[in-house]
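Trainee: fold the following for me, if possible:
(2 chains)
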Amino acid sequence: MTRKHYGGRDFGTQRRLRKESFFKFLMAASASLVLLSLVLILVIILWKSLPALKPSMIIRNPGSGYYLGREGGILNAILGSLQVVFGATLLALAIALPAVIFLNNYLRRKSWLAETIRFSLDVLWGIPSIVYGAFGFLIMITFHLRASLLAGLITVAMVELPILSRALDETIKLVPSELKEATFSLGASRWQTATRVVLRQTFPGLVTAVLMAMGRGLGDAAAVLFTAGYTDKITTSLLQPVATLPLAIFFQLNSPYPEVQQRAYASAAILTLLILLVSLASRRLSHRLSRHKIR
Amino acid sequence: MRVIGRFSRRDRGPGLATAPFAIFPVALTVVIFLALLMKAWPLLSLKALPSLLFSSTWLPSRGHFGLWPFILGTLWVTMTAILLAVPVSILTSLYLSEYAPVRLKRIFQPVLDLLAGLPSVIYGMWGVLLVVPAVSKFLAPAFGRQSSGYSILSAALVLALMILPTIISVSVEVLNSVPLALKEAALSLGATRLEVIRYVVMKKSFPGILAACVLGLSRAFGETIAVLMVVGNVPVIPRSLFSPAYPLPALLANNYGEMMSVPGYESALNLAALLLLAIVVGFSLLARWYLVRISRRSA
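Mentor: Numbers count the residues shown, from 1 in each chain, chains lettered A, B, ... in the order given. Sure thing, here's the model as predicted:
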């Protein structure tokens, strides 16, 4: 192969191009490795769950001898997970929304208080959910609560709070200041600007954040491990223990009976489906809702 | 320095009403710290902190609470996971942002989104089904070792896969924000695309990619259920990647809540939780310090 010379100087073009194609191959290889192993996870879960995936799984509670492989389903855990997650998300939103409004509308951006609040949100975000679980358990002991829906949803709300607050904070920061200034110039108060303009403008972001937090809450096993308990019935009161899907999967997987293990796979497929629905809903909704945004 | 911006009288009510909610995260952080410290205190007042942290005898029934095996277990698992995940995810995100055809990107993004949201118990299940047998039957014999498969390596593989989607999607976003003009300038000077990546793209997006990796790191180190399912849970000092370990979160998950009978046990577990919290605070401080330094340099 002839070497190219530019003005008598050799830039090593061939060698450089060979190096490029080597690294390009490496990148493509790792990308396919990633895609392959990720798809493999989904495929294996679906494949393993097929034998046990019957309608009775989602419309029945565990019957007697369910954990020995007899009839029943995991309706208790599906409903329980939804109860915990809806309660937790509402609670977390009730704290995160006013907090973020205060943070962005009443505080100066670089003030020490705003910095401290953002830093504490960073710390809370990083705290492993098992530590929240432990802390939730300590709260339970202090207030003489038993493992219950209430304790579980409070703990999950603590896990969701920093996720929600940080996501809301990020979206609210993106609102152009001209928009706020325009409302202020019309004589609106900070509160009016925050609730009628900024919040409306960030509504799609809010919906995405809420659904993201719900997805996290739905799958979190460590937070509910000591706080929510477990039950084979459907929970009807805040003070009763509640079953959750991740724990249902975890317990059934540890069973020595193959039938029960298969149901763990089926439960995992159901949980995956729920998470998929949440993430699809978030895409759809944020797309549809952003029609009302002022650009 | 003024903390609160100027506002009119009619804004005072809403301001006062929302302020407590904004203080809540700060209060919660402090309360969690104090509650764990209070519960860990009985043990801390009996023994010096270093003797608890660096002792490797864990015999709760005899009053020995050495956390060193658990600390080492956490370090081994997290570090191996990061070492496995970071090169692969950087290469993948570079491919996705610089080379991949649009159609491939369209397939990748939803898969990454879904998998970033997949619960840890599902990753753990996948680990039990596939990774543990693979390690015990193929990987360990290939290195001339014997292993049950429930090992540091299995946990690290599961964790690496778990944090890949997060690291990749954040890195791709960072890489896509590199201005096209910069790349074109380098190309026009005769650089190959690889050289553009190395001298322009990577240089420009280094802080962002580092942030993505730290994000993955913090998720990996606190991960409980997925690790617990595949790591073996044996409180010994790990000798190799194929030996089992017992990370701190797994210790908490297995024993918290049923620890009342043995004296000191409760304190020891709360100390473990406190340790996890302290590490998170350390991470956040480090990240904040780095961000401040970066923004000063660019300003």
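Trainee: centroid-nearest residue for chain A?
Mentor: Residue closest to the average C-alpha location in chain A (Cα atoms, centre = their mean): A:R216, at 2.3 Å.
Trainee: do you know how far that residue is from B:K105?
Mentor: Per Cβ to Cβ, to the nearest Å, A:R216 is found 25 Å from B:K105. To be clear about C-beta, it is placed using only N, CA and C from the backbone, and glycine gets the same treatment.
Trainee: now do the residue nearest to the centre of chain A against chain B, distance only.
Mentor: From A:R216 over to chain B the distance is 7 Å, taken as Cβ to the nearest Cβ, to the nearest Å.
Trainee: just give the nearest non-adjacent residue to that residue, would you?
Mentor: Excluding its sequence neighbours, the residue lying closest to A:R216 (Cβ to Cβ, 6 or more residues apart in numbering or on different chains) is A:I163, at 5.8 Å.
Trainee: list the contacts of that neighbour.
Mentor: Taking Cβ atoms under 8 Å, 6 or more residues apart in numbering or on different chains as the contact definition, A:I163 lies against A:125, A:209, A:212-213, A:216.
Trainee: ok, these vs A:I59, which is closest?
Mentor: If you rank the contacts of A:I163 by distance to A:I59 using Cβ to Cβ, A:R216 comes first, at 26.9 Å.
Trainee: spatially nearest residue to the residue in the stretch 51-200 of chain B that chain A sits nearest to, not counting backbone neighbours?
Mentor: When distances are taken as Cβ to the nearest Cβ, the stretch 51-200 of chain B reaches nearest to chain A at B:P119, 2.5 Å away. Take B:P119 and drop its neighbours on the chain: the residue closest to it by Cβ to Cβ, 6+ apart is A:G219, 2.5 Å away.
Trainee: so that neighbour sits against A:P246, correct?
Mentor: Yes - using Cβ atoms under 8 Å, A:G219 is in contact with A:P246, at 5.9 Å.
Trainee: about what we covered before: need the contacts of A:I163 in JSON lines with pLDDT and secondary structure, can you?
Mentor: Listed next are the contacts of A:I163 as JSON lines, based on pLDDT from 0 to 100; DSSP: H, G, I helix; E, B strand; the rest coil:
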{"residue": "A:W125", "pLDDT": "92", "secondary structure": "helix"}
{"residue": "A:A209", "pLDDT": "90", "secondary structure": "helix"}
{"residue": "A:M212", "pLDDT": "89", "secondary structure": "helix"}
{"residue": "A:A213", "pLDDT": "92", "secondary structure": "helix"}
{"residue": "A:R216", "pLDDT": "90", "secondary structure": "helix"}
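Trainee: can you give me the helices in chain B?
Mentor: If DSSP state H is used as the criterion, the helices of chain B fall at B:12-46, B:49-53, B:68-94, B:102-116, B:120-126, B:132-134, B:140-142, B:152-176, B:180-188, B:193-196, B:202-222, B:225-230, B:248-255, B:265-298.
Trainee: same list (these) but as CSV, adding mean pLDDT.
Mentor: Formatted as CSV, the helices of chain B follow (pLDDT from 0 to 100):
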stretch, mean pLDDT
helix B:12-46, 90
helix B:49-53, 84
helix B:68-94, 94
helix B:102-116, 86
helix B:120-126, 92
helix B:132-134, 91
helix B:140-142, 86
helix B:152-176, 93
helix B:180-188, 92
helix B:193-196, 90
helix B:202-222, 89
helix B:225-230, 92
helix B:248-255, 90
helix B:265-298, 86
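Trainee: in which helix or strand would I find the nearest residue to B:P87 once chain neighbours are set aside?
Mentor: Of all residues not flanking B:P87 in the chain, A:S30 sits nearest, at 7.7 Å (Cβ to Cβ, 6+ apart). Assigned by DSSP states H and E, A:S30 belongs to helix A:13-49.
Trainee: for the helix or strand following that helix, what is the average pLDDT?
Mentor: Using DSSP H and E, the helix or strand that follows helix A:13-49 towards the C-terminus is helix A:55-59. For helix A:55-59, mean pLDDT is 77.
Trainee: domain ranges for chain A, per the record?
Mentor: Following automatic domain parsing, one gets these domains for chain A: A:1-52, A:75-292.
Trainee: deepest in the core, which of those is it.
Mentor: domain A:75-292 (a mean of 20; mean count of other Cβ atoms under 10 Å in any protein chain shown).
Trainee: part of a strand, is A:T235?
Mentor: No - A:T235 is assigned coil when assessed by DSSP: H, G, I helix; E, B strand; the rest coil, not a strand.
Trainee: which residues does it contact?
Mentor: A:T235 neighbours (Cβ under 8 Å, 6+ apart): A:76, A:79-80, A:83, A:149, A:241-243.
Trainee: with that, I have no additional questions.
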